[in-house]
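Peer 1: Below is the sequence, then the predicted model.
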Amino acid sequence: MTGSSSSPVAEGTPHDDGLGPRTAAVLVFGSSAAVLVVEIVALRLLAPYLGLTLETSTLVIGIALTAIAAGSWMGGHFADQVDPRRLLGPSLGVSGAVVALTPAVLRSTAEWAPALLLLIASLTILVPGALLSAVTPIVTKVRLTSLAETGTVVGRLSGVGTVGAIVGTVLTGFVLVSRLPVSGILIGLGTLLVAGSALVEWRRRGWSGTPALTLVVVAGGLATTVAPGACDTETRYHCARVVADPDRDSGRTLVLDGLRHSYVDLDDPTFLEFEYVRAIASVVDAAFPEGEPLDAHHVGGGGLTIPRYLAATRPGTRSLVSEIDGGVVRIDRDQLGLGSAAGIDVRVEDGRLGLRRLDAGSRDLVVGDAFGGVSVPWHLTTVEAMTDVRRVLDEDGLYVANLIDHGGMAFARAEAATLGETFEHVALVGEPADIGLDPTATALGGNLVVIASDRPVDPRAIQKALDARQTGWKIATGDDVTSWIGDARPLTDDYAPVDQLLQPYSPGNGR
């Protein structure tokens, strides 16, 4: 992704024998790959504090592209002003030091000075990104020896830089993140960059800054061990922790990217801590005969609270779970007692692809509880996705989904409208102000549960079950739901601005 720019040089410009074509290619390849590693890992670092949303991704990509543009321009400019060989070592070394310090600096800022997070995050991407992007035009300047070879040199190094960026992207996304902690990736990269800087300067024989930069890298590694916000486990998608409940010996909370996603009682799966979980259980209990085993599919697993509840209260229930994060599944097995739960089959797969693999009419119940950051992944919200849900349900089947929204509830209303395009009946369960049942109160938002089916649900039975669990939630059906939806536009695969529809949220909301 790094660009190359250089002014043509006149015939006879001295050539640096110490920077041959292979060395030049390695420098350009490595620096370009490093820029993309920093960009992708920055998303992982920021997700616990900003959410893994389209806006966060756009912000990080925009900053990285700004760094690439600025570095390419400045690298070319300064390479024309001074001996370009003097710039290579400092560019690699300083960028390596900043990269190694990034995990500790970002996590400390997020915890102690959150108002400065965006500024500090921008600098930790801009500084190394610009310095590393400057390597390509610097190396190009050194390698140019005559006007006759300008096109060949520029084209070759630009191609090498692009291949490096591709390798950095693929290596990070498919290998590094799944095997190493985020902090380990950045400290390791910082070490490699400082080592590269030392090698370049050793060949030039003169720069004495490498020991100081090495100390910075070591300090970054040590600081990461005491910086706040560290994870128990780094999965492919989340920074994960399991927190013991101080008030309940067997209670455990699964925290993903700083948000409470699931609460599990290891000894009593019928104990339901979160209100939205109690609401889902109330809907299921009211919709199906007591104790009747069900064939259920769960889109999203988390701590598997609902599958455990169904296994305990409806012996013989078969729950198939699509959970995209294999790291979360390992936590379920190792720390949350999945091995002792009967009738639960967990597949590590995308929820929508999992739905496509199910036979038509094969499920009594589908539960939607998949989240990426603070929102339902957009491809699980559309008419096309709901058509797959409807296909796998039998005639009396029920779809129950957990949603999170705030303020004007624009996303939740759009999702209800989407379900109305697919199912005959749609109902809402939530705080009265949030679902339009108390027009005198201001909607605060948080969790709410949407119900969809081709058979009418019994609102009285559901309300009775909600009251028995002391949720304080109410159920809305019929005209109340239609009025609440208003002119909200259904979501489709062609139009699903889920992140934009969501209102500002509070990290205290639990799933």
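Peer 2: That came through fine.
Peer 1: before we move on, what SS does Leu398 have?
Peer 2: strand (DSSP: H, G, I helix; E, B strand; the rest coil).
Peer 1: what number of residues lie near it?
Peer 2: Leu398 has 25 neighbouring residues, counting by other Cβ atoms under 10 Å. Backbone N, C-alpha and C define where each C-beta goes, glycine included.
Peer 1: Equivalent analysis for Gln335, please.
Peer 2: Using other Cβ under 10 Å as the criterion, the residues surrounding Gln335 number 17.
Peer 1: and if you look at Leu65?
Peer 2: 15.
Peer 1: any idea how far it is from Val35?
Peer 2: As judged by Cβ to Cβ, to the nearest Å, Leu65 and Val35 stand 10 Å apart.
Peer 1: repeat for Leu380
Peer 2: Separation of Leu380 from Val35 (Cβ to Cβ): 32 Å.
Peer 1: Those two: who's more crowded?
Peer 2: More crowded of Leu380 and Val35, by other Cβ under 10 Å: Val35, with 29 against 26.
Peer 1: Run through the helices of the stretch 351-500 of the chain in chain order.
Peer 2: Ranges of helices in the stretch 351-500 of the chain, per DSSP state H, counting those that start in this stretch, are 351-356, 383-392, 410-420, 459-468, 478-485, 498-501.
Peer 1: Helix or strand with the lowest mean pLDDT in this structure?
Peer 2: helix 210-226 (a mean of 62; mean pLDDT, DSSP states H and E).
Peer 1: Look at Pro137 and give its secondary structure.
Peer 2: helix.
Peer 1: pretty sure it is touching Ser72, no?
Peer 2: Yes: contact criterion Cβ atoms under 8 Å: Pro137 and Ser72 qualify, at 5.8 Å.
Peer 1: Which of the two has more residues huddled nearby?
Peer 2: Ranked by neighbour count (other Cβ under 10 Å), Pro137 and Ser72 place Pro137 first, with 30 against 22.
Peer 1: With Ser32 as the reference, measure out to that one.
Peer 2: Distance from Pro137 to Ser32, by Cβ to Cβ: 12 Å.
Peer 1: same thing with Val498?
Peer 2: 33 Å.
Peer 1: Same question for Arg86.
Peer 2: Going from Arg86 to Ser32 by Cβ to Cβ gives 21 Å.
Peer 1: Between the two, point out the one with more neighbours.
Peer 2: Counted by other Cβ under 10 Å, Arg86 and Ser32 do not tie: Ser32 has more neighbours, with 28 against 15.
Peer 1: after the host helix or strand of the more buried one comes which helix or strand?
Peer 2: Assigned by DSSP states H and E, Ser32 belongs to helix 21-50. Next in sequence after helix 21-50, counting helices and strands by DSSP H and E, comes helix 54-81.
Peer 1: If you count contacts, what does that next one end up packed against?
Peer 2: helix 21-50, helix 85-112, helix 117-133, helix 135-143, helix 498-501 (3 or more Cβ pairs under 8 Å, 6 or more residues apart in numbering; DSSP states H and E).
Peer 1: buried residues in stretch 104-115?
Peer 2: 104-110 (16 or more other Cβ atoms under 10 Å).
Peer 1: Flag the shaky bits of the stretch 51-200 of the chain, pLDDT-wise.
Peer 2: 52, 146-148 (pLDDT under 70).
Peer 1: coming back round to it: what's the most buried one of the helices of the stretch 351-500 of the chain?
Peer 2: helix 410-420 (a mean of 24; mean count of other Cβ atoms under 10 Å).
Peer 1: quick one: contacts of that helix?
Peer 2: 375-376, 381-383, 386, 399, 401, 403, 405, 426, 428, 434, 448, 450, 452, 481, 484-486, 488-492, 498, 501-503 (Cβ atoms under 8 Å, 6 or more residues apart in numbering).
Peer 1: Show the buried residues in these.
Peer 2: Neighbour counting by 16+ other Cβ under 10 Å classes 375-376, 381-383, 386, 399, 401, 403, 405, 426, 428, 434, 448, 450, 452, 481, 484-485, 488, 490-491, 498, 501-502 among these as buried.
Peer 1: now the helices of the stretch 351-500 of the chain as TSV including distance to Asp265?
Peer 2: As requested, the helices of the stretch 351-500 of the chain are arranged in TSV below (distance: least, Cβ to Cβ, whole Å):
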stretch	distance to Asp265
helix 351-356	25
helix 383-392	29
helix 410-420	29
helix 459-468	19
helix 478-485	33
helix 498-501	32
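Peer 1: Which parts of the stretch 251-400 of the chain are strands?
Peer 2: 251-256, 259-265, 295-299, 318-323, 344-348, 363-368, 393-405 (DSSP state E, counting those that start in this stretch).
Peer 1: Go through those strands and name the closest to Cys239.
Peer 2: Minimum separation from Cys239 across these (Cβ to Cβ) falls at strand 251-256, 7.1 Å.
Peer 1: The closest one pairs with which strands, parallel or anti?
Peer 2: Applying DSSP bridges, strand 251-256 is found paired with strand 239-244 (antiparallel), strand 259-265 (antiparallel).
Peer 1: Nearest approach to Gly159 belongs to which of these?
Peer 2: For those, proximity to Gly159 was assessed by Cβ to Cβ; strand 239-244 is nearest, at 36.2 Å.
Peer 1: Which residue is the nearest non-sequential neighbour of Ser453?
Peer 2: Of all residues not flanking Ser453 in the chain, Leu398 sits nearest, at 4.8 Å (Cβ to Cβ, 6 or more residues apart in numbering).
Peer 1: Which pLDDT value goes with the one you found?
Peer 2: Leu398 is assigned 98 on the pLDDT scale.
Peer 1: Could you check how far it is from Gly337?
Peer 2: The gap separating Leu398 from Gly337 is 27 Å, by Cβ to Cβ.
Peer 1: likewise Phe274?
Peer 2: Separation of Phe274 from Gly337 (Cβ to Cβ): 18 Å.
Peer 1: do the same with Leu176
Peer 2: Counting by Cβ to Cβ - Leu176 and Gly337 are separated by 31 Å.
Peer 1: cool, Ala104 as well?
Peer 2: Between Ala104 and Gly337 the computed distance is 34 Å (Cβ to Cβ).
Peer 1: Thr124 now?
Peer 2: In terms of Cβ to Cβ, Thr124 sits 39 Å off from Gly337.
Peer 1: Next: Tyr49.
Peer 2: 30 Å.
Peer 1: care to break this protein down by domain?
Peer 2: The chain breaks down into these domains under automatic domain parsing: 21-230, 273-501.
Peer 1: which one of those lies closest to Leu266?
Peer 2: Nearest to Leu266, of the domains of the chain and by Cβ to Cβ, is domain 273-501 at 4.9 Å.
Peer 1: first to last residue in that closest one, what's the distance?
Peer 2: End-to-end distance of domain 273-501 (Cα to Cα, to the nearest Å): 28 Å.
Peer 1: ok, now stretch 252-268?
Peer 2: Using Cα to Cα, first and last residues of stretch 252-268 are 11 Å apart.
Peer 1: Give me the mean pLDDT for that stretch.
Peer 2: 90.
Peer 1: Could you do stretch 362-378 as well?
Peer 2: Stretch 362-378 comes out at a mean pLDDT of 89.
Peer 1: and if you look at stretch 488-504?
Peer 2: For stretch 488-504, the per-residue pLDDT averages 88.
Peer 1: what's the spacing between it and its chain's center?
Peer 2: Offset of stretch 488-504 from its chain centre (Cα atoms, centre = their mean, to the nearest Å): 18 Å.
Peer 1: try stretch 388-407
Peer 2: 23 Å.
Peer 1: list the helices and strands the helix holding Ser32 packs on?
Peer 2: helix 54-81, helix 85-112, helix 117-133, helix 135-143, helix 150-171, helix 177-179, helix 182-204, strand 239-244.
Peer 1: Give the other helices and strands that the fourth one contacts.
Peer 2: In this structure, helix 135-143 packs against helix 21-50, helix 54-81, helix 85-112, helix 150-171, with contacts taken as 3+ Cβ pairs under 8 Å, 6+ apart.
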